[in-house]
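[1] With the input below, show me the fold.
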Amino acid sequence: MALFAQRGFDAVTVAEIARAADVSEKTVFNHFPSKEDLVFEHGRERLMALVEALRSRPADRPIISVFRANTMAFVGHVERAPTAEITVVPRLVTHSRTLRERLFVLWEGEAQLLAPIIAEQTGAPPGDLVPMVAARTLAWTHGLFVREGFERLLAGEDRATVAADLRVKAARAYDLLEGGLAGYGVRGSL
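    Below you'll find the model as predicted:
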């Protein structure tokens with residue numbers, strides 16, 4: 001990450017990473033299938049934590065509550081963690097087309113991973129598209145708040161201000177989704 005932060009993701013080779021870590025290129029690839037995976041490893045860990053939270057949620061707790069909690073945890077992180085720490089990966093992604101493209105692929109993979117879990121937990125019949133709609137909607141809702149948080153921090157906004165605003169917007173978005181978008185677009189409603 002130090003090499004990437006110093007020179008940019010695209011300018012650093014796997015051979016340089018291996019030398020800096022005092023390992024062979026093969027060892028790097030044994031642990032990370034691609035150079036991009038070095039950057040997004042923490043995202044994979046967070047996704048696995050989300051999967052575990054979804055799988056272990058009490059049956060009487062709505063699926064959306066797991067995603068709401070995930071987003072609010074991110075907002076809390078924005079509020080508490082140093083900006084430089086929070087923005088390392090977003091800064092790299094901003095300056096690398098390769099990483100931006102990989103991020104979109106990862107987001108789609110997230111929905112593909114979450115949809116069967118949601119289908120199983122809801123008892124959806126085979127071929128039902130609703131679990132995929134739910135997975136994409138909930139995953140992308142979270143992703144939009146993450147993206148806005150990163151963009152605002154990169155633009156130099158105050159962490160506390162960003163967190164407070166995201167908290168309000170996220171509560172409104174999840175409240176709307178919990179209502180099933182009922183009344184959305186009707187004049188005078190949310």
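
[2] So Pro126 versus Phe74, what's the distance?
    Counting by CB to CB, to the nearest Å, the gap from Pro126 to Phe74 is 33 Å. For the C-beta atoms, the positions are set from N, CA and C on the backbone; glycine is no exception.

[3] the more surrounded of those two?
    Phe74 (20 against 5; other CB atoms under 10 Å).

[4] Tell me who's in contact with that one.
    Contact analysis of Phe74 by CB atoms under 8 Å, 6 or more residues apart in numbering lists 142, 145-146, 149.

[5] Repeat the analysis, applying 10 Å as the threshold.
    46, 86, 142, 145-146, 149-150, 163, 166, 170 (CB atoms under 10 Å, 6 or more residues apart in numbering).

[6] repeat for Pro90
    So Pro90 contacts 99, 103, 146-147, 149-151, 153-154 (CB under 10 Å, 6+ apart).

[7] Of those, grab the buried ones for ChimeraX.
    Applying 16 or more other CB atoms under 10 Å to these, the buried members can be selected in ChimeraX as follows:
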select :99,103,146,149,150,153
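
[8] Among the contacts of Pro90, find the lowest-pLDDT one for me.
    Note: of the contacts of Pro90, the lowest pLDDT belongs to Leu103, at 91.

[9] what about the closest residue to that one other than its chain neighbours, distance to Thr87?
    Computed as CB to CB, 6 or more residues apart in numbering, the closest residue to Leu103 that is not its neighbour in sequence is Val93, at 6.0 Å. In this view, Val93 and Thr87 are 10 Å apart by CB to CB.

[10] Which neighbours do the two have in common?
    Residues touching both Val93 and Thr87 (CB under 10 Å, 6+ apart): 150, 154.

[11] residues touching the nearest residue to Ile63 once chain neighbours are set aside, list them.
    Of all residues not flanking Ile63 in the chain, Ile118 sits nearest, at 6.1 Å (CB to CB, 6+ apart). Listed by CB under 10 Å, 6+ apart, the contact partners of Ile118 are 54, 63, 111, 124, 130-135, 138.

[12] Out of those, which comes closest to Glu36?
    Ala111 (18.5 Å; CB to CB).

[13] sorry, back to before: if any of the contacts of Ile118 are buried, put those into a PyMOL selection.
    To isolate the buried members of the contacts of Ile118 in PyMOL, using 16+ other CB under 10 Å:
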select buried, resi 54+63+111+124+131+132+134+135+138
